[in-house]
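> dropping a prediction and its sequence here:
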Amino acid sequence: MKIHYLVTSLENGGAEFAIPSIVQSLQRHGCEVKVIACEPRDMKAAPKLEAAKIPYEVMFDSRQNVFTYTKAYLKRVKADRPDVIWTSLSGATMVGQLVGKLAHIPVVSWKHSAAVRIYTQIFRQLSQLWIADSAVVEQFLHQTMRIPKKDILSWPLYYCDTQHTKTNFWDGKRTLRIGSMGRLREQKNYVVLIEAIDTLLKNRPDLQNRFTVSIAGRGPLEELLKQKIDYYKLQNYIYLLGYNEHPLEFLETLDIYIQPSTFEGMCLAAHEAMAASLPVIATPVGELAYSVIDKETGFLVTGDLKNSIAVALEHFFDEPDAVVRYGKKAQKFVSENYSLKNFDEASGRIVQRIKNILVKRQ
């Protein structure tokens with residue numbers, strides 16, 4: 001089965017960074033996959049594709065409109081017709097759906113978050129199969145987007161492949177190293193994290209100079225976050241590290257991971273943090289609502305987030321052994337629930353469903 005894996009761009013993001021794992025799993029099920037991006041953006045995902053020896057192409061060297069993408073991709077499809085168009089992210093999904101309709105090729109589409117653009121909702125029936133990257137997104141596809149359950153399958157975009165055993169857990173004496181990783185956008189809610197650190201220090205002046213917060217990532221809110229850090233005089237506590245080329249190495253430098261997002265799908269970064277034996281403080285969004293078990297693998301924070309995050313951090317200072325307990329339980333949870341075997345079984349179910357769709361269209 002020949003698949004065109006059509007993605008909006010190859011920028012830094014969870015959906016893009018998961019492409020190598022997705023493609024390799026599909027290849028293990030006998031699929032031939034070509035990755036095609038509409039536009040480049042920052043191209044941070046490209047080195048991962050190259051390292052995995054996965055072929056890809058970028059149709060344009062700058063952002064274009066959807067009609068330009070559709071025209072170019074339709075031409076591409078006529079020259080190299082796939083059996084299936086598999087789309088990822090909203091822009092590419094619209095392009096793939098239009099080309100699929102015009103060229104009479106079935107379309108399979110990812111949904112990566114419990115939020116939807118108007119045009120995705122309008123054109124939802126142009127995809128013959130929708131793939132949810134988490135249980136929350138699967139529910140969203142059915143209840144909010146009104147897609148029949150028979151047209152939805154789930155494939156969590158993460159598997160735990162680390163055998164690393166953490167030995168340098170925080171002992172309650174040295175500086176506590178808190179961190180997060182993601183694009184500096186509204187979705188990640190880092191402004192609230194900064195406010196939470198200010199609240200923590202006001203509530204607990206005894207914690208001055210006892211911790212640092214490192215945020216790895218770049219994005220449009222970088223200047224605003226710097227201003228917030230300066231406003232609260234937190235320059236000696238919160239550090240914006242920029243884009244990190246080696247996320248696993250970054251996670252190994254941390255003791256606690258925080259993900260205060262307003263919405264997520266799978267959230268690869270937080271699950272990688274759990275695999276690195278880090279307790280996770282997170283909002284109950286996307287798959288995090290299931291993976292972060294409150295007071296077992298970390299803390300789920302709701303309501304007034306700046307206060308909830310501050311309280312959760314206070315708990316670790318008051319009970320340092322919780323860092324070890326929660327961290328070990330977090331690693332155990334992801335290793336048992338997100339194995340490579342489970343990952344491949346999910347992709348196998350999808351491949352079989354696509355084959356059934358192709359047979360019916362003959």
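Here it is on my side, so go on.
> helices along the stretch 251-362 of the chain, start to end?
Secondary structure of the stretch 251-362 of the chain by DSSP state H, counting those that start in this stretch: the helices cover 268-275, 288-291, 305-318, 321-337, 340-361.
> buried ones in stretch 281-292?
The neighbour-count check on stretch 281-292 (16 or more other Cβ atoms under 10 Å) flags 281-283, 285-288, 291-292 as buried. Any C-beta I mention is one placed from the backbone N, CA and C, and that applies to glycine too.
> of those, which belong to strands?
281-282 (DSSP state E).
> tell me if I'm right that P20 and P47 touch.
No. Proximity of P20 to P47 does not meet the contact threshold set by Cβ atoms under 8 Å, at 10.2 Å.
> more crowded one of these two?
Remark: of P20 and P47, P20 carries more neighbours, 18 against 11, as counted by other Cβ atoms under 10 Å.
> what's the spacing between the more buried one and R325?
Distance of P20 to R325, given as Cβ to Cβ, to the nearest Å: 33 Å.
> now swap in Y73 and tell me
51 Å.
> counting neighbours, go ahead and name the busier of the two.
More neighbours surround Y73 than the other of Y73 and R325, with 24 against 15 (other Cβ under 10 Å).
> wait, a strand at the more buried one?
No. Counting by DSSP: H, G, I helix; E, B strand; the rest coil, Y73 is not found in a strand; it is helix.
> tabulate the helices of the stretch 251-362 of the chain (a markdown table), appending distance to L225 and mean pLDDT.
Output for these, formatted as a markdown table (distance: least, Cβ to Cβ, whole Å; pLDDT from 0 to 100):
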| stretch | distance to L225 | mean pLDDT |
| --- | --- | --- |
| helix 268-275 | 17 | 95 |
| helix 288-291 | 22 | 93 |
| helix 305-318 | 15 | 98 |
| helix 321-337 | 26 | 96 |
| helix 340-361 | 34 | 96 |
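> which one of those has the most crowded surroundings?
Neighbour counts (mean count of other Cβ atoms under 10 Å) averaged over each of the helices of the stretch 251-362 of the chain peak at helix 268-275, with a mean of 27.
> name the helices or strands packed onto that helix?
Counting contacts by 3 or more Cβ pairs under 8 Å, 6 or more residues apart in numbering; DSSP states H and E, helix 268-275 packs against helix 14-17, strand 176-181, helix 247-252, strand 256-259, strand 280-282, helix 288-291, helix 321-337.
> all strands for the stretch 101-250 of the chain, in order.
Assigned by DSSP state E, counting those that start in this stretch, the stretch 101-250 of the chain shows strands spanning 107-111, 129-132, 152-154, 176-181, 211-216, 238-242.
> contacting residues for A115?
A115 makes contact with F263 under the criterion Cβ atoms under 8 Å, 6 or more residues apart in numbering.
> err, G217, not the other one
Contacts of G217 (Cβ under 8 Å, 6+ apart): 12, 181-184, 188, 241-244.
> buried among those? Make that a PyMOL selection.
Selection of the buried residues among the contacts of G217 in PyMOL, burial being defined by 16+ other Cβ under 10 Å:
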select buried, resi 12+181+182+183+184+188+244
